[in-house]
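Undergrad: Let's see this in three dimensions:
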Amino acid sequence: MPQLNYILKPNDTPVRTQITLTTKLKDMVENQATLRHQSLSEYLRQATILKLYLDQQKTLDLTKLANNVIGSLKLDNHPHWKNKTKIKQWNKNLRQEWT
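TA: Next up, the predicted model:
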């Protein structure tokens, strides 16, 4: 996963890239960029950084949630999770209930 502090370093070499946008999306982005006195490229760079940050944060949040849930379970209360075989059988039974 990219580290955002690395992406934002000034010594990173710019590279040209080509993207495809719909006409409407390009117009919307250009309008927003113009309102902020930015180039289309700068606006899209900032949007990309924001998306990377949000994705990274979501992954961290989900990992934290998973660790909290795993730490709060008492396996004595869930005998069907005792080993891999029992988990597979429990999962199979659960899926059969859904069909």
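Undergrad: Please tell me I have it right and residue 30 contacts residue 40.
TA: Yes - here residue 30 reaches residue 40: they are 5.8 Å apart, a contact under Cβ atoms under 8 Å. Glycine gets a C-beta too; all of them are placed from N, C-alpha and C.
Undergrad: in this structure, which spans are helices?
TA: 4-7, 23-35, 40-72, 84-98 (DSSP state H).
Undergrad: looking at these, which has the lowest confidence?
TA: Mean pLDDT is lowest for helix 4-7 among the helices of the chain, at a mean of 62.
Undergrad: give the contact list for residue 46.
TA: Counting by Cβ atoms under 8 Å, 6 or more residues apart in numbering, residue 46 touches residue 38.
Undergrad: meant to ask about residue 62, not that
TA: So residue 62 contacts nothing (Cβ under 8 Å, 6+ apart).
Undergrad: Please report the distance of it from residue 28.
TA: 30 Å (Cβ to Cβ, to the nearest Å).
Undergrad: neighbours around residue 60, how many?
TA: Using other Cβ atoms under 10 Å, residue 60 has 11 other residues around it.
Undergrad: Understood, closing this out.
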